[in-house]
Every structure is written in C-alpha cells, then in structure tokens.
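A.B. asks: Predicted model, plus sequence, below.
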Amino acid sequence: MSDLIPVYQLIEYFDNEAFVLKTQQQISKDFAKFNLFFPENFENIPYSKTDIEELIKENISDMIKQGETRLLQLMYTIDLPEKEFLHLTIQNDFLDLLAEKILRREAYKVFLRQHIT
C-alpha cells in the first residue's frame, strides 16, 4: 500500500483544484477526529502540495506531544500501515516523510472514491 499513487501521478492530480479540495477535506476530516485543525479556509481554497505537507507536519508535531498512542490512532484512521509508519520513525527526515505519506494516502482515498463511484 506504500506507493498506491506514484509521486509523479499525485503531482498531476494536484493540477486539478477539485481533487486538491477533496483531498484537503479528507485530511481535515481525519485530523479533526483528534482535535487537530487546519486554517479556516483549508477546505475551500486549494493549497499547494508543499503547503499541505507543512500543515500536516505542524499537526503531527502537536500530536507527538500528546503521546505515541494518539499518533498511532491517527495513522490507523488515515489507514497508513503500522509497518510503514514504524519504518519512517527511524529516518532523519521523519516528519517530512510522514507528511508526504499521509498526503498520498488521503489523496488515494479521494482517487478511489472518484474511480469507484
């Protein structure tokens, strides 16, 4: 499940504002379950891939302060496999990699909904 949408394809999808907004709404929905929030306009104005990843990193940093259990619960909600998550924890650029994985996973959920329905 690690590379369901290759990076190059994700970048192509991010040229579509509707796809970006749906992805941002999915991210916001999953993070809100853990009282983690994004800017007020996050669900209505498309952000760049880089900006979304930065906002995810900020929320993950806040989540880390709350403890490992809550972070693992968030990963479960996002549907990021524990094995992948644990592999990232030993990387020097953990937050950058995790933010990218989260964005790709959330984008994949949107992608599936668009292509299955």
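C.D. replies: Alright, I've got the coordinates. Residues are numbered from 1 along each chain as shown.
A.B. asks: Only the buried residues of the longest helix anywhere in the chain, if you could.
C.D. replies: Across the chain, the longest stretch assigned as helix under DSSP state H is helix 94-116. Using 16 or more other C-beta atoms under 10 Å as the test for burial, helix 94-116 gives 95, 98-111. Any C-beta I mention is one placed from the backbone N, CA and C, and that applies to glycine too.
A.B. asks: Now for these: which two are most distant?
C.D. replies: Leu95 and Phe111 (24.1 Å; C-beta to C-beta).
A.B. asks: Gln25 sits in which helix or strand?
C.D. replies: helix 17-32 (DSSP states H and E).
A.B. asks: could you give the angle of that helix to helix 94-116?
C.D. replies: Counting by axes from the mean of the first three to the mean of the last three C-alpha atoms, to 10 degrees, helix 17-32 lies at 120 degrees to helix 94-116.
A.B. asks: what does helix 17-32 rub up against?
C.D. replies: Contact partners of helix 17-32, identified using C-beta atoms under 8 Å, 6 or more residues apart in numbering, comprise 13-14, 37-38, 42-44, 46-47, 52, 56, 59, 74, 77-78, 102-103, 106-107, 109-111, 113-114.
A.B. asks: swap the cut-off to 7 Å and go again
C.D. replies: 13-14, 37-38, 42-43, 46-47, 52, 56, 59, 77-78, 106-107, 109-110 (C-beta atoms under 7 Å, 6 or more residues apart in numbering).
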